[in-house]
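Participant: Model the following, please.
(2 chains)
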Amino acid sequence: MRVELDELLFARGTFTLRGSGTFDEGVHLVSGPVGSGKSTLALLIAGLLRPTGGAVRRHGISSVQVLLQFPEYHITSSTVAGEAASWGLDPDEVLARADLVGRADDDPFRLSRGELKRLTLCCAIMQDPDLLMLDEPFSSLDCTAKQRACRMIEGRREGITIIFSHESAVLPRVDAIWEMENGTLTGLGGVPHAIPRWRHAPPYLAYALNEGARPENIRLQDAREALCRIRD
Amino acid sequence: MIRITDLRHKLLDIPDLSLVARHIAVIGPNGSGKTTLLSVCAGLEEPKRGRVQILGKPPSAAKIGWVGEFPDRTLLFSRVYDEIASTPRFRHYPCTRADELVRAAAEAVGIVHLLDKKVSALSGGEKALVGLAAAVVDNPEVLILDEADSHLDAGTAKRVHRIVRESPAAHVLWCTQSMDAAAEADFILFMDGGRVRHHGTPDEVFSALEGTCFYPTIWRLRS
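Facilitator: Numbering: from 1, shown residues only, chains lettered A, B, ... in the order given. Now for the predicted structure:
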């Protein structure tokens, strides 16, 4: 299973997106500033936007899902349970995992933004597609929900997961890091080798690197362990 | 000063709270009432019971700059320039004055290059920045931001923090899920289940939250 970007080119107005590279099975993190093209890239990889040039080639992938940045864009039902069912999932199971038990009959728009995000994120992950793209999955979530989301992402046994995010406190274990800047996608390679090259590294990771530590992965606990090793 | 007395509204239950600090961060789990508190303080919702006074007057009489958590719901106009110009225009400022204010706000937020763009063509983070420029354009007395930073990368979030710090507003009420950002505030309210569980300086509040994931990441590394 893999996704290949072959000289992908997408132009709209003054904005141009370019990218080449291969997304293998595992968890990929794409980071980059606001407006750098992260969401556009997600839509291109999902086939929801047509490239101006080059191609997105998906090999051995039979199902694709994109979680959009703003959870309200996903809503098609007037109840939380109906919303879960619209993803083809068992509402009871979704509500339990999204920590929304007792909210089945509520209007999704009566949920707080974080609760709504929890719902759509759970649905997207529980659908378990071969290729899962998560656009800012952690925005609006509190730290407990972010940790739970990370465990769900890490719990995907197979398939390709691509996270587009600038989260800087709670991140999952990832296999590879990519950066978007001014529309250009750059692959930094596999973790841990990619970590010191990561310009958008969160403050705790930058701090650990600066102290001379070499974290194995990008989570806070990895930074702590690496620091602990050099301090002993 | 922001004074809250006997407030009962939706899940909010705040018997008595006086806030004198300028930069106030509101933190807490999802669904703890942060947005409801902010919208009552902004005068967007009238409390069922109790009273909120902002600078000695009801919120509806204060000049409030509001940046909501759903940028798509708060942006009214289709062109970025018109969105930022809405407050000066609603206040019947002369066109030249309105234009000066719009350009100054866009400059401060770093979105001059977006002024002629359609709002619908912007990225999520850019929409949040447009919302911020529209909120600060006419120097509000109180600036209220509801997780405006959750759509922003670290560099852009820093720029927003600078704008917030430099704004002449008497109070900035700022709800965030970034504890590293909250650690820089003058005062913190930690909400849980509609109540203010902890309030005080970042040191005071975070010492009560040590061992939870609400403790700032950098503090955890240094300890």
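
Participant: can you pull the contacts of residue B:77?
Facilitator: The neighbourhood of residue B:77, defined by Cβ atoms under 8 Å, 6 or more residues apart in numbering or on different chains, consists of B:83, B:86, B:119. For the C-beta atoms, the positions are set from N, CA and C on the backbone; glycine is no exception.

Participant: Extract the CA atoms of the longest helix anywhere in chain A and return them as CSV.
Facilitator: Ranked by residue count, the top helix of chain A under DSSP state H comes out as helix A:113-126. Once side chains and other backbone atoms are set aside, the C-alpha atoms of helix A:113-126 remain, and they are given as CSV (Å, rounded to 0.1, in the frame of the first residue of the first chain):
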residue,chain,number,x,y,z
ARG,A,113,-16.6,22.6,19.2
GLY,A,114,-14.2,20.2,20.9
GLU,A,115,-17.0,17.6,21.4
LEU,A,116,-18.0,17.9,17.8
LYS,A,117,-14.4,17.4,16.7
ARG,A,118,-14.2,14.3,19.0
LEU,A,119,-17.2,12.9,17.2
THR,A,120,-16.0,13.4,13.6
LEU,A,121,-12.5,12.3,14.5
CYS,A,122,-13.8,9.0,16.1
CYS,A,123,-16.0,8.3,13.1
ALA,A,124,-13.1,8.9,10.6
ILE,A,125,-10.7,6.6,12.5
MET,A,126,-13.3,3.9,13.3
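
Participant: Counting by contacts, list what the next helix or strand after it packs against.
Facilitator: On the C-terminal side of helix A:113-126, the closest following helix or strand by DSSP states H and E is strand A:131-135. Applying 3 or more Cβ pairs under 8 Å, 6 or more residues apart in numbering or on different chains; DSSP states H and E, we find strand A:131-135 packed against helix A:38-46, strand A:64-67, helix A:113-126, strand A:160-164.

Participant: Name the residues of the helix or strand encompassing residue B:158 that are buried.
Facilitator: With elements delineated by DSSP H and E, residue B:158 resides in helix B:154-166, which encompasses its position. When neighbours are counted by 16 or more other Cβ atoms under 10 Å in any protein chain shown, the buried residues of helix B:154-166 are found to be B:154, B:156, B:157, B:159, B:160, B:161, B:163, B:164.

Participant: pull the CA atoms of the next helix or strand along the chain from it into CSV?
Facilitator: Sequence-wise, the next helix or strand beyond helix B:154-166 is strand B:171-175, with elements assigned using DSSP H and E. What follows is the C-alpha trace of strand B:171-175 in CSV, where atoms were taken according to Å, rounded to 0.1, in the frame of the first residue of the first chain:
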residue,chain,number,x,y,z
HIS,B,171,-8.8,43.4,29.1
VAL,B,172,-8.1,40.5,26.9
LEU,B,173,-10.1,37.4,27.6
TRP,B,174,-8.5,34.5,25.7
CYS,B,175,-9.6,30.9,25.7
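
Participant: who's in contact with strand B:171-175?
Facilitator: B:2, B:19, B:21-27, B:34-35, B:38, B:41, B:54-55, B:141-148, B:164, B:185.

Participant: Can you lay out the buried residues of helix B:154-166 as a markdown table showing distance to residue A:38 and pLDDT?
Facilitator: Converted to a markdown table, these look like this (distance: Cβ to Cβ, whole Å; pLDDT from 0 to 100):
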| residue | distance to residue A:38 | pLDDT |
| --- | --- | --- |
| B:154 | 14 | 83 |
| B:156 | 13 | 85 |
| B:157 | 15 | 87 |
| B:159 | 18 | 85 |
| B:160 | 18 | 85 |
| B:161 | 22 | 84 |
| B:163 | 23 | 85 |
| B:164 | 24 | 83 |
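
Participant: overlap between those and the residues near chain A?
Facilitator: Among these, the residues lying close to chain A (Cβ under 8 Å from any Cβ of the partner chain) are B:154, B:156.

Participant: Tell me the one among the buried residues of helix B:154-166 nearest to residue A:33.
Facilitator: Proximity of the buried residues of helix B:154-166 to residue A:33, judged by Cβ to Cβ, is greatest for residue B:156, which lies at 6.1 Å.

Participant: Now the closest one: closest residue in space that isn't a chain neighbour?
Facilitator: residue A:34 (4.8 Å; Cβ to Cβ, 6 or more residues apart in numbering or on different chains).

Participant: same check, this time on residue B:15
Facilitator: Of all residues apart from its sequence neighbours, residue B:6 sits closest to residue B:15 (Cβ to Cβ, 6+ apart), at 6.1 Å.

Participant: go on, residue A:218?
Facilitator: residue A:171 (5.2 Å).

Participant: Can you tell me the element residue A:185 falls in?
Facilitator: In this assignment (DSSP H and E), residue A:185 forms part of strand A:184-190.

Participant: do the helix or strand just after that strand and chain B meet at all?
Facilitator: From strand A:184-190 onward toward the C-terminus, using DSSP H and E, the following helix or strand is helix A:203-210. Yes. Applying Cβ under 8 Å from any Cβ, one finds helix A:203-210 in contact with chain B at A:203, A:204, A:207, A:208.
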